[in-house]
Structures are given as structure tokens and as C-alpha cells.
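Turn this into a structure:
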Amino acid sequence: MSVSALKAVEPAVTNVPCNLCGADDAEVLFKAGVAQHNQIVACRKCGLMYSNPRIRPADQELVKDYDPSVTGDPEAYDPGRFDKERVQVRDYADTREYLKKLYPQRGKLIELGCGVGFLLKAFAEDGWDVTGIEPDRGFCEYIERKQGLKALPTILETSGIPDNSVDVVVLLHVIEHVPDPLATLETIFRVLKPGGHLVLETPRYDSLMFKLLGKRERSLSCDGHIYFFTTDSLRKLTEKAGFKTKQWRYVGRSLSLDRLAWNVGVISKSRAVQKLLKGASDALHFNKLHFKLNMRDMQRIVVQKPT
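Numbering: from 1, shown residues only. The predicted structure is shown next:
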């Protein structure tokens with residue numbers, strides 16, 4: 001989700017109970033400003049990690065006020081986002097093959113938080129009837145203009161997608177941004193046909209990287225992330241929404257050396273280090289070198305709505 005060219009949004013302090021068990025009893029892991037903008041807590045009853053209170057609105061609330069007329073073509077103002085999405089299409093080649101075997105005749109596929117649509121385009125080329133759902137209107141306009149695909153500038157809950165009408169839903173690095181993950185999963189469950197599948201990917205926080213880095217962990221530091229799932233908490237949440245697990249893997253991502261340098265800067269939490277790495281990256285064209293790195297700090301799952 002992009003938060004570029006946004007209208008001013010007044011921050012609101014919001015206290016929330018645990019999204020998994022409903023308890024309102026959490027211990028503080030990282031105070032506001034230590035790991036990220038919001039304070040991060042863990043439920044004492046079930047262990048779910050989440051931001052509370054929230055002094056920064058959820059991304060979907062920020063992005064809905066985005067005015068694409070301010071900056072024009074999103075590729076011009078956020079080239080790093082385009083390079084990242086374009087390169088990472090290759091990371092889902094095995095998942096695309098898995099879905100093609102499950103659905104030889106293909107069917108209707110929705111990608112939630114589809115960004116600028118490179119992966120959505122790949123699914124369309126595989127023969128799926130695709131629709132993107134993305135609250136950033138500028139990205140939706142780009143998808144329709146440049147990718148030739150349908151993209152709805154909204155979220156699933158207000159999209160009007162009928163119940164029991166979709167074969168596959170794809171949700172990649174989105175669930176950690178939404179204000180009510182259980183409600184989102186329950187909505188996905190409703191729109192899927194009986195036997196339909198959800199592909200979900202999100203960072204994990206029972207990883208070696210989190211144990212080693214703590215407050216400096218890269219994904220934890222993202223101000224847009226408001227839920228932080230372990231293998232156990234994500235499994236319990238998907239099961240609570242009604243899903244049955246079909247596949248669970250710890251995966252990596254393709255990235256540029258420029259992106260790796262940016263991540264190191266985030267981990268350092270030092271503006272001086274970030275400036276130094278940015279200068280080196282620009283001078284040496286780090287953005288031209290791409291590779292895949294798997295630190296087992298992300299989890300990709302396929303779950304199914306029972307028939």
C-alpha cells in the first residue's frame with residue numbers, strides 16, 4: 001500500500017482488544033517509538049502480537065484519501081515500489097503452479113492489496129479470471145490503464161463481491177496492515193466458493209531473525225504493520241475463521257541490492273547509516289543487482305474453505 005501524496009489525517013489514539021481471543025490484557029513488548037510509531041504488545045492469554053494503542057491510522061484508512069491527481073503516474077513517484085513488485089513476481093511461480101494443478105480449468109481469482117498489478121497480470125496470463133482490490137486509487141488506475149485488468153479502489157468488505165463466488169483469494173503482505181484481521185479472513189471465507197482456497201503471506205515472529213534483532217527486526221519496524229503473527233497465532237486465526245490448512249512454508253523474497261541496503265538501514269535505526277547506504281547504493285547502482293534471500297522470516301500458507 002502506498003501512502004504517498006496523502007491528505008492530512010489526524011492521528012487518533014485507539015485501544016483495541018486481542019483480535020484472536022478477545023482478551024483486553026496485554027503486556028508491553030516495545031513502547032511507542034522504540035520499534036515503530038505504535039506501541040507493540042502481546043496478549044497475555046493467547047500470545048498474539050499487535051499494536052496497541054494505535055496512534056497511527058491503518059494504511060487502508062490513509063490510502064483511501066490518496067489523490068492520484070497530485071503526482072500523476074505512480075511509476076514516476078514510486079519507482080522502488082515498481083521494481084520491488086516486478087522482481088517479486090518470480091517468487092510466486094511455484095504457488096502459481098500449485099494453483100494450476102488444483103484448478104486445471106482455472107476460475108475466478110481475486111488479489112487483495114494487489115499494488116500495481118504485476119502478479120495479478122501473471123495470474124491473468126495463467127488463464128484466471130482476475131480482479132484486483134486495492135484501496136490506492138492511483139494504483140487501480142495504473143492497473144486498468146497499463147495492465148488492462150480490472151481493479152476496484154476499495155477493500156474487500158465494501159467491494160460488493162458476492163458470497164460463494166470466488167475460487168481463489170490471494171492476500172500477500174496485507175493482513176499485517178488491516179485493522180481487524182479476523183473480520184478480513186471471515187469476509188474472504190464468505191466470498192470463496194465451498195472448496196475455495198486462500199493464499200496468504202505475512203512476516204513471522206517466531207523466527208531466528210526476530211529473536212536476534214528484537215526491536216530492530218525489519219518488518220517489525222514498518223509503521224504500517226499493526227499485527228505480528230507467529231506460526232501458531234496465524235494458524236489459530238485462520239482456523240477461527242473456518243479454514244483448513246493445506247500448505248505451510250517459510251519463504252524468502254527476491255530483492256535488489258539497493259533494497260537490501262535499505263533494509264540494513266532500517267535495522268540500524270540510524271539516520272547516518274541510512275544516508276551512507278543510500279549514497280553508496282545510488283553511486284554504485286545497487287538497484288541493478290537482484291537475488292533471492294530466504295531468512296525464513298516470512299510464512300506463505302494455502303488454506304481451504306471446507307466443501
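
Show the average pLDDT along stretch 272-289.
Mean pLDDT, computed over stretch 272-289, is 94.

To clarify, my last question referred to stretch 62-77.
The average of the pLDDT scores along stretch 62-77 is 68.

Burial check on Asp78, number of neighbours?
Asp78 is flanked by 18 other residues according to other C-beta atoms under 10 Å. Using the backbone N, CA and C atoms, a C-beta is placed for each residue, glycine as well.

hang on, I meant Phe189
So Phe189, with other C-beta under 10 Å, has 19 neighbours.

Who are the contact partners of it?
Ala241, Gly242, Phe243, Lys305 (C-beta atoms under 8 Å, 6 or more residues apart in numbering).

Nearest to Ser165, out of the residues you listed: which one, please.
Lys305 (12.1 Å; C-beta to C-beta).

Distance of that closest one relative to Ala280?
Using C-beta to C-beta, to the nearest Å, Lys305 is found at 48 Å from Ala280.

So for the two, which sits in the more crowded spot?
Lys305 (22 against 13).

Identify the residues contacting that one.
Phe189, Leu192, Lys193, Pro194, Gly195, Gly196, His197, Leu198, Gly242, Phe243, Lys244.

Correct me if wrong: the fifth one contacts Val303.
No - the pair Gly195 / Val303 is not scored as a contact, 11.9 Å apart, by C-beta atoms under 8 Å.

Neighbour count for the two, which is higher?
Val303 (26 against 11).

what's near enough to touch that one?
Counting by C-beta under 8 Å, 6+ apart, Val303 has contacts His197, Leu198, Leu200, Thr238, Phe243, Lys244, Thr245, Lys246.

From His290, how far out is it?
Separation of Val303 from His290 (C-beta to C-beta): 30 Å.

Same check on Arg96?
For Arg96, the distance to His290 equals 19 Å [C-beta to C-beta].

cool, Lys246 as well?
Lys246 sits 30 Å away from His290, going by C-beta to C-beta.

cool, Lys108 as well?
For Lys108, the distance to His290 - C-beta to C-beta - is 32 Å.

you'd agree Asp25 is up against Lys45?
Yes - using C-beta under 8 Å, Asp25 is in contact with Lys45, at 6.4 Å.

Those two: who's more crowded?
Neighbour count, other C-beta under 10 Å: between Asp25 and Lys45, Lys45 has more, with 14 against 11.

which ones are touching that one?
Counted by C-beta under 8 Å, 6+ apart, Lys45 has contacts Cys18, Cys21, Ala23, Asp25.
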